[in-house]
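Asks: Pasted the sequence and its predicted model underneath.
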Amino acid sequence: MSSIIQLLPDHVANQIAAGEVVQRPASVVKELLENAVDAKATDIKLIIKDAGKSLVQVIDNGLGMSVTDARLCFERHATSKIRQAEDLFSLCTKGFRGEALASIAAIAHMEMKTKQDQEELGTHIVIEGSKFVSQEVAVLPKGTSFAVKNLFFNIPARRNFLKSDTVEFRHVMDEFQRVALAHPNIHFTFYHNGSELYNLPIAGYRQRIVGIMSGKTNEKLVPVNEDTEIINVQGFVSKPEFAKKNRGEQFFFVNDRFIKSGYLHHAVMAAYDGLLKDGCQPSYFLYLQVPPNTIDINIHPTKTEIKFDDEQALYAILRASIKHSLGQFNVSPVLDFDR
Ligand code: ADP
Ligand code: MG
């Protein structure tokens, strides 16, 4: 009997993986911004056209890549961030799967320019649908620029599935805001169709939150501060009277990564018990730091859900610290200092 099983060629495997990693322009924005953060950039520019459908470009001043790495980074499972499975439990980076660039390159036209600080010259690569089109030596500034054009050019069904520019832009905005809120120590700029939407100087949490959410946010915020052995909580929650009917401004960051958690959301709501009008939701921007070996990030493709070792303890600490902050604010608003 002849065998019927075959290994898929790389470009086919990449295209299939891409379906999971890249749903829309916003997915590209997320992956490229996170790579720039992981490369220790202090300045990151996001440039998009037509809600990212025509162009997503991210320019950073981070570590850059060597000539060899500049080519390797487009391979599947090629990553500089982990070496062994155990490393997953001491992660300090956003990425670790080594799949994003291979996936994006499989379904778009991509141009990369990168240079390391110590090198005189950099590398300029063009890759389209997983095929290398050109590779040249180039005079470049330190850092890396990725430009992604014609997303889903080779998967018409996916391209047609994209929503209106308004909807796709909203998704891009969400990803940008999440990364920018998580990293106030990085200067971010964001351009859409040639106009500057954000120019966020390096700041503290409060200033960054206000920079993103609008000036009015400042007066709403009550600081939260708690340090225990298993978790450090910093950030802000809104005064109860500013609660709104929708859930717009609710953010958890765990070890500088935006995450969603219905359980922790519940802890916040419990802290507001009796303070909110019916159906109203507070805003919150909560930055949690936990030992990396007490969470599992590898449970969801987009890494926006994570598993905590001791969820119940975190719930109790979060609820108590927010309750305490809301109470203190009522007694002595002077404690509402900036950090
Ligand atoms: P991952 O982030 O999971 O490692 P990616 O496919 O996103 O996988 O990136 C592959 C590798 O390419 C990274 O591990 C990193 O070494 C390199 N890389 C990607 N983007 C950048 C960047 N902006 N600056 C420097 N190196 C980068
Ligand atoms: Mg990555």
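Replies: Yes, it's here. Ligands and ions are numbered 1, 2, ... in the order given.

Asks: Quick test: name the residue nearest the centre of this protein.
Replies: The residue at the geometric middle of the chain, judged as the C-alpha nearest the mean C-alpha position with C-alpha atoms, centre = their mean, is residue 179 (4.2 Å).

Asks: Confirm that that one sits in a helix.
Replies: Yes. Membership of residue 179 in a helix is supported by DSSP: H, G, I helix; E, B strand; the rest coil.

Asks: Wait, it touches residue 34, no?
Replies: Yes. A contact is recorded between residue 179 and residue 34 when judged using C-beta atoms under 8 Å, the distance being 6.8 Å. Every C-beta, even on glycine, is put in place using the N, C-alpha and C of the backbone.

Asks: in the stretch 51-200 of the chain, what residue is nearest ligand 2?
Replies: Of all residues in the stretch 51-200 of the chain, residue 95 sits closest to ligand 2, with a separation of 2.9 Å (C-beta to the ion).

Asks: count of residues packed around that residue?
Replies: A count of neighbours around residue 95, defined by other C-beta atoms under 10 Å, yields 19.

Asks: Over to the one 4 residues further on?
Replies: Under the neighbour criterion other C-beta under 10 Å, residue 99 is assigned a count of 22.

Asks: List the contacts of it.
Replies: For residue 99, the contact set (C-beta atoms under 8 Å, 6 or more residues apart in numbering) comprises 17, 21, 76, 77.

Asks: which one's the longest helix in the chain?
Replies: Here the longest helix in the chain is taken by residue count, with DSSP state H as the criterion, and it is helix 311-331.

Asks: Same question for that helix: list its buried residues.
Replies: Within helix 311-331, the residues that qualify as buried are 314, 315, 317, 318, 319, 320, 321, 322, 323, 325, 326, 329, counting by 16 or more other C-beta atoms under 10 Å.

Asks: how far out from the middle of the chain is that helix?
Replies: Here helix 311-331 is found 26 Å from its chain centre; the criterion is C-alpha atoms, centre = their mean, to the nearest Å.

Asks: and what of stretch 58-69?
Replies: Averaging C-alpha coordinates over stretch 58-69 and over its chain gives two centres that are 18 Å apart (C-alpha atoms, centre = their mean).

Asks: Could you see whether ligand 1 lies near that stretch?
Replies: Yes. Stretch 58-69 comes into contact with ligand 1 (C-beta under 6 Å from any ligand atom), by way of 60, 62, 63, 64, 65.

Asks: Quick one: end-to-end length of that stretch, please.
Replies: Distances were taken as C-alpha to C-alpha, to the nearest Å; on that basis the terminal residues of stretch 58-69 are 18 Å apart.

Asks: Pull out the buried positions in it.
Replies: Counting neighbours by 16+ other C-beta under 10 Å, one finds that the buried residues in stretch 58-69 are 58, 59, 60, 61, 62, 63, 64, 65, 66, 67.

Asks: again, but for stretch 71-91
Replies: Judged by neighbour count (16+ other C-beta under 10 Å), stretch 71-91 contains these buried residues: 71, 73, 74, 75, 76, 79, 80, 81, 82, 88, 91.

Asks: Next: stretch 108-128.
Replies: With the criterion 16+ other C-beta under 10 Å, stretch 108-128 contains buried residues 108-116, 122-125, 127-128.

Asks: List just the nearest of these to ligand 1.
Replies: Comparing the buried residues of stretch 108-128 against ligand 1 with C-beta to the nearest ligand atom places residue 114 closest, at 6.4 Å.

Asks: Following the chain past the strand or helix carrying residue 235, name the next helix or strand.
Replies: Residue 235 is part of strand 232-238, with elements assigned from DSSP states H and E. The C-terminal neighbour of strand 232-238 among helices and strands, as given by DSSP H and E, is strand 250-254.

Asks: Please list the strands that the helix or strand that that following strand is followed by pairs with in its sheet, giving the direction of each pairing.
Replies: From strand 250-254 onward toward the C-terminus, using DSSP H and E, the following helix or strand is strand 257-259. Listed by DSSP bridges, the sheet partners of strand 257-259 and their directions read strand 250-254 (antiparallel).

Asks: of the buried residues of helix 311-331, closest to ligand 2?
Replies: For ligand 2, the closest of these turns out to be residue 314, at 26.8 Å, with distances computed as C-beta to the ion.
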